[in-house]
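J.: Generate a structure from the sequence data that follows.
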Amino acid sequence: MLKPEDLEKAKLELERLRDELTAELARIPDVIDFGEEGSEMDPNGPEADETEREEVQSEIKDAIRARLEDVKSALIKVATGRYGTCETCGGEIEAEIRAIDPESRYCAQCKKTEASAA
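T.: Residues are numbered from 1 along each chain as shown. Predicted coordinates:
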């Protein structure tokens, strides 16, 4: 069980992360406009570079959104008293894990088990 001061510290860090990730999402454009000529794209031309850039931006945004959802989930856990509890085994998530990855859902052992299964 985490101490109240540890929960407050985690909450502040998670709120900071939430705000940072939200701002980062806002800075990445959603769509790049190729204009009318986009349908007749030269695979080696500048439009191809733009398509690749758009795909990379989309992947980055997806990763940020996923992390943001984890952060929001962790904030809910703080509010409901479940923060720091592994979703797999129900044990406590180690302080070292929470310090590196405050939105972590799993303890070190369950992370290892999950990683080896993948």
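J.: Okay, helices next: where are they in the protein?
T.: 4-27, 46-80, 95-100, 108-117 (DSSP state H).
J.: From the contact counts, what lies against the longest one?
T.: On a contact count with 3 or more Cβ pairs under 8 Å, 6 or more residues apart in numbering; DSSP states H and E, helix 46-80 meets helix 4-27. (Each C-beta comes from the backbone N, C-alpha and C, glycine too.)
J.: so for the helix it packs on, what's the average pLDDT?
T.: Average pLDDT, helix 4-27: 96.
J.: Can you point out the buried residues in that helix?
T.: 7, 10-11, 13-14, 17-18, 21 (16 or more other Cβ atoms under 10 Å).
J.: Who are the packing partners of it?
T.: Checked by 3+ Cβ pairs under 8 Å, 6+ apart, helix 4-27 has helix 46-80 packed alongside it.
J.: Report the angle between the helix it packs on and helix 4-27.
T.: Between helix 46-80 and helix 4-27, the angle comes out at 160 degrees (axes from the mean of the first three to the mean of the last three Cα atoms, to 10 degrees).
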